[in-house]
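K.L.:
dropping a prediction and its sequence here:
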Amino acid sequence: IACMLYYNPAKCLQVIESMNATQQLFQHLFRFLKDEKNCFSTLVDKKTISLGLSSIIALPLNQLPTSVRNAYGTFVGESVKILARIHAQRQAQNEGDDEEEDEDEGVEVDSRQYDENEDAVTEEDQAYLKFLKEVRENGFGDEEEEMEDENDPDSPIGHIEAFVFFHNALRAQDARIVKQAENALPPKLRQMLQQVIAHAVQIRSENQQQS
């Protein structure tokens, strides 16, 4: 789903909405993002999710389903949190540290539109997590190892920098909408958003200097 959202977010959301599955899908996604041990544990996983969420953020509001439009701030907040995890995991890899720092520990986003009972794990959640685990263990282990490099030049997203892509998504959106979303975030998450933007600006500047 994240790949399709990145490739054609408007069409993907249209199809999901036609099946009346939009709210349920993102409820599950945001819940699974909290379970980093079993879901989206690699940099490629996180980057793919980040690009998909950023693609939604960049869309004009009139192209977003009502449930997504009403929870726009949640999408911004979840994007910031996963980018913080990407940054922490990159640092851990660079330092050769096996224990990844949880950069967004204790930070919560108001995602009530998508998660009325966020602490409860349903039987459906358990079944899906079990399926993901079985796929990883039994079906695609070798392929996953090959996809570990987030900058793989042969990957469709290998040349995309997630932080810059997110910043560009915010810049593509109406500034008033972005400001409203930012103001709705908890103070800690607003600070993280500014740090993510500053990091994106730094990366963009470094890339321009190298080119």
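P.N.:
Yes, it's here.
K.L.:
phi first, then psi, for the spatially closest residue to residue 2 that is not a sequence neighbour.
P.N.:
The shortest distance from residue 2 to any residue that is not its chain neighbour, by Cβ to Cβ, 6 or more residues apart in numbering, is 3.4 Å, and that residue is residue 52. Bear in mind the C-beta positions are built from the backbone N, C-alpha and C, glycine included. Dihedral angles of residue 52 (phi, psi; degrees, to the nearest 10) stand at phi -60, psi -50.
K.L.:
need the contact list for residue 52.
P.N.:
When contacts are counted by Cβ atoms under 8 Å, 6 or more residues apart in numbering, residue 52 is found next to 1, 2, 3, 4, 5, 6, 9.
K.L.:
cool, residue 196 as well?
P.N.:
Taking Cβ under 8 Å, 6+ apart, we find residue 196 in contact with 80, 83, 84, 163, 166, 167.
K.L.:
equivalent analysis for residue 166, please.
P.N.:
By Cβ under 8 Å, 6+ apart, the residues touching residue 166 are 50, 54, 57, 79, 83, 196, 200.
K.L.:
helix, strand or coil: sort out the last one for me.
P.N.:
Spelled out, that is residue 200. Per DSSP: H, G, I helix; E, B strand; the rest coil, the secondary structure class of residue 200 is helix.
K.L.:
surely it is in contact with residue 170?
P.N.:
No: with contact defined as Cβ atoms under 8 Å, residue 200 and residue 170 do not form a contacting pair (9.1 Å).
K.L.:
what strand or helix carries the residue nearest the centre of the chain?
P.N.:
Taking Cα atoms, centre = their mean as the criterion, residue 50 is the residue nearest the geometric centre of the chain, at 3.1 Å. Of the helices and strands defined by DSSP states H and E, residue 50 is found in helix 43-58.
K.L.:
so for that helix, mean pLDDT?
P.N.:
Averaged across helix 43-58, the pLDDT comes to 95.
K.L.:
now do the contacts for the spatially closest residue to residue 86 that is not a sequence neighbour.
P.N.:
In space, not counting the residues next to it along the chain, residue 86 is nearest to residue 46; the distance is 5.0 Å by Cβ to Cβ, 6+ apart. Listed by Cβ under 8 Å, 6+ apart, the contact partners of residue 46 are 40, 82, 85, 86, 89, 162.
K.L.:
thanks again, I'm all set now.
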